[in-house]
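> Pasting the sequence and the predicted model now:
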Amino acid sequence: MSTAEPFLYPEELDEFIRETLADDNLYVFGEEDAMLGLCPFVSFYIYHGPDAYLDVADRMISVHEAFEALIDEPFQLIWKSKTQVWLKAGDKRLPTDLRAEARKRLDEGRVFMLGATDQHTETTSARWAVSATVDSGIMRYSHLKLTFRLKWYRNNRERWHAFVRHCLHTLQPEHCYSGFEVGNGGFNILGAYEADTLERQCADHLYGMDVDHPSKMDFHSFRVHKDDALFVPELVKDTPSAVDRVDPSDLGAGLRTPTWCFLLAPFWRRKLGLSEAQVRAALDDPRIDISAIEYATGPHNPDGEPALWIRLGELDLHPVERGVPELLVKASALIRPIRCDGLNLVTFATWDDDPNPRFDFDSARRWMARFDPDSDWPDAARRNPGGPAHRNNVPAGQPCPQAGWWFSPADTLPRRNFQYGEIMPELGSRYGHTFWQWAHDQGPGTAQ
């Protein structure tokens with residue numbers, strides 16, 4: 001694309017948002033070899049030392065194999081870690097033993113990478129994709145991202161959630177997030193400028209979109225030496241020659257704002273200063289699911305406590321027009337003391353006459369805090385702090401715009417619970433055509 005003109009004009013953005021919300025296959029936009037769209041993902045960030053390199057690689061390969069057995073469309077392109085090129089699936093140049101490939105990368109002192117996509121080009125948003133990098137663990141988290149197909153998920157919810165819990169137990173990550181993103185499969189190559197642009201434009205319209213750039217966010221610390229200007233001896237005892245510092249723009253500094261599912265690992269729960277029971281009490285809501293994941297004893301978990309995998313209702317893009325999502329507000333308030341407000345959201349440098357909107361330092365901080373009570377994101381005119389704003393009637397035959405309790409004057413029942421995307425039924429009563437209304441007080445109570 002040209003960086004001298006807008007990637008999406010307002011009317012094109014409106015169409016993109018409208019078509020994305022209307023289709024379980026999700027809408028894509030762009031040039032033939034770089035079609036971008038929103039897609040569901042789950043990403044894992046694993047903290048470990050150099051001696052665990054092969055163990056982490058083995059666990060990631062196991063997850064990759066289980067994921068490949070799960071998908072309903074084959075991978076078309078596979079990443080070859082040794083030569084760092086994409087090859088068509090089945091190419092004889094691809095390694096047949098990924099674990100042996102990981103050992104070679106370790107012997108060479110290099111990162112080990114996994115990559116696969118069901119698209120014909122790595123710059124097109126995938127429906128199924130895997131992207132993983134195993135690093136030494138000295139300064140960076142090793143990370144693994146899985147992109148999954150929304151339509152498949154709608155029909156296989158419990159199977160997917162069981163698979164993710166298995167991944168959490170296998171990988172033991174320090175961070176994990178799941179929701180919607182502008183899909184690049186985690187590759188962050190080529191196409192990144194367009195993805196940055198689309199993320200920023202969609203952020204004004206969709207509260208439920210996340211921004212996940214593993215290769216940009218994966219620092220957990222960096223080494224500062226005595227002769228460095230940043231070295232502050234008061235931070236450590238006995239003024240050693242070097243000390244680990246945390247960069248406030250990376251995930252080592254805190255959690256991202258949740259948009260659907262997120263992990264509260266033992267390390268971060270201790271930073272938060274809350275017990276498991278206190279976390280559960282703070283998120284006490286029948287729409288929130290909290291699973292305890294067994295974690296091994298280690299440097300970041302000396303007492304062998306479980307991690308908490310937290311699911312905030314149903315997977316949803318939460319259009320701004322519906323108002324601020326109540327469950328996301330609740331979760332953001334919980335993690336606010338350990339939130340990484342300064343997280344870097346941009347993969348490409350910005351410049352003054354850039355024709356496309358992209359996140360900068362100020363807008364990124366506002367976006368990270370979009371669920372705070374004093375937030376005005378995306379702007380004061382569109383902000384609705386009172387809760388869901390979609391009180392207008394939804395006609396029968398249309399998909400449910402938000403999971404929850406709805407009622408109709410034509411219904412003999414007080415309320416009905418519909419899932420996001422479920423077709424609202426026609427009741428055929430004396431009232432004529434059926435229209436459904438959002439219940440102000442969510443629950444199976446009396447109609448309003």
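Received the coordinates, thanks.
> list the buried ones in the longest helix anywhere in the chain?
Longest helix in the chain by number of residues (criterion: DSSP state H): helix 53-70. By neighbour count with 16 or more other C-beta atoms under 10 Å, helix 53-70 contains the buried residues 53, 56, 57, 58, 59, 60, 61, 62, 63, 64, 67. Using the backbone N, CA and C atoms, a C-beta is placed for each residue, glycine as well.
> mind listing what the second one touches?
Right, residue 56. Going by C-beta atoms under 8 Å, 6 or more residues apart in numbering, residue 56 touches 46, 48, 134, 137, 142, 171.
> for the first one, same thing?
For residue 53, the residues meeting the contact criterion (C-beta under 8 Å, 6+ apart) are 102, 106, 112, 134, 136, 137.
> just the helices in this protein please.
10-22, 53-70, 98-107, 150-155, 157-171, 192-203, 214-217, 266-272, 276-282, 326-335, 361-368.
> Format those helices as CSV; extra columns: mean pLDDT.
Conversion of the helices of the chain to CSV gives the following (pLDDT from 0 to 100):
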stretch, mean pLDDT
helix 10-22, 90
helix 53-70, 98
helix 98-107, 96
helix 150-155, 95
helix 157-171, 98
helix 192-203, 89
helix 214-217, 90
helix 266-272, 96
helix 276-282, 96
helix 326-335, 96
helix 361-368, 93
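> So which of those is nearest residue 378?
Among the helices of the chain, helix 192-203 comes nearest to residue 378, with 7.2 Å by C-beta to C-beta.
> residues making contact with that closest one?
Under C-beta under 8 Å, 6+ apart, the answer for helix 192-203 is 1, 3, 7-8, 13, 16-17, 29-30, 34, 36, 38, 181-182, 184, 209, 211, 345-348, 356-359, 363, 367, 378.
> ranges for the strands of the stretch 301-448 of the chain?
307-312, 394-395, 404-407, 416-418, 435-438 (DSSP state E, counting those that start in this stretch).
> Please identify the most buried of those.
strand 307-312 (a mean of 23; mean count of other C-beta atoms under 10 Å).
> helices or strands next to that strand in the packing?
Packing partners of strand 307-312 (3 or more C-beta pairs under 8 Å, 6 or more residues apart in numbering; DSSP states H and E): helix 157-171, strand 261-264, strand 288-293, helix 326-335.
> and if we set it to 6 Å?
Contacts defined by 3 or more C-beta pairs under 6 Å, 6 or more residues apart in numbering; DSSP states H and E place strand 307-312 against strand 261-264, strand 288-293.
> Take those strands and lay them out in JSON lines including mean neighbour count.
Formatted as JSON lines, the helices and strands packed on strand 307-312 follow (neighbours: other C-beta atoms under 10 Å):
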{"stretch": "strand 261-264", "mean neighbour count": "24"}
{"stretch": "strand 288-293", "mean neighbour count": "15"}
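> Distance to residue 336 and mean pLDDT for those - can I get that in JSON lines?
Converted to JSON lines, the helices and strands packed on strand 307-312 look like this (distance: least, C-beta to C-beta, whole Å; pLDDT from 0 to 100):
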{"stretch": "strand 261-264", "distance to residue 336": "13", "mean pLDDT": "98"}
{"stretch": "strand 288-293", "distance to residue 336": "17", "mean pLDDT": "98"}
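> hmm, back to that, among the contacts of residue 56, which pair sits farthest apart?
Counting by C-beta to C-beta, the most remote pair of the contacts of residue 56 is 137 and 171, 13.2 Å apart.
> So for these two, which residue has more residues nearby?
Each of residue 137 and residue 171 has its neighbours counted (other C-beta atoms under 10 Å); residue 171 has more, 21 against 18.
> what about that one, distance to residue 72?
Computed as C-beta to C-beta, to the nearest Å, the residue 171 to residue 72 distance reads 23 Å.
> Just the closest of the contacts of residue 53 to residue 253, please.
For the contacts of residue 53, the nearest to residue 253 is residue 137 (17.5 Å; C-beta to C-beta).
> Could you find the closest non-adjacent residue to that closest one?
residue 48 (4.2 Å; C-beta to C-beta, 6 or more residues apart in numbering).
> Settle this for me: that neighbour is touching residue 136, isn't it.
No - between residue 48 and residue 136 there is no contact under C-beta atoms under 6 Å: 8.9 Å.
> quick one, which of these two is more surrounded?
Using other C-beta under 10 Å, the more surrounded residue of residue 48 and residue 136 is residue 48, with 22 against 17.
> Could I get the phi/psi values of that one?
Main-chain torsions, residue 48, degrees, to the nearest 10: phi -160, psi 170.
> For it, give its distance to residue 405.
44 Å.
> Kindly report the same for residue 213.
Following C-beta to C-beta, the distance that separates residue 213 from residue 405 is 37 Å.
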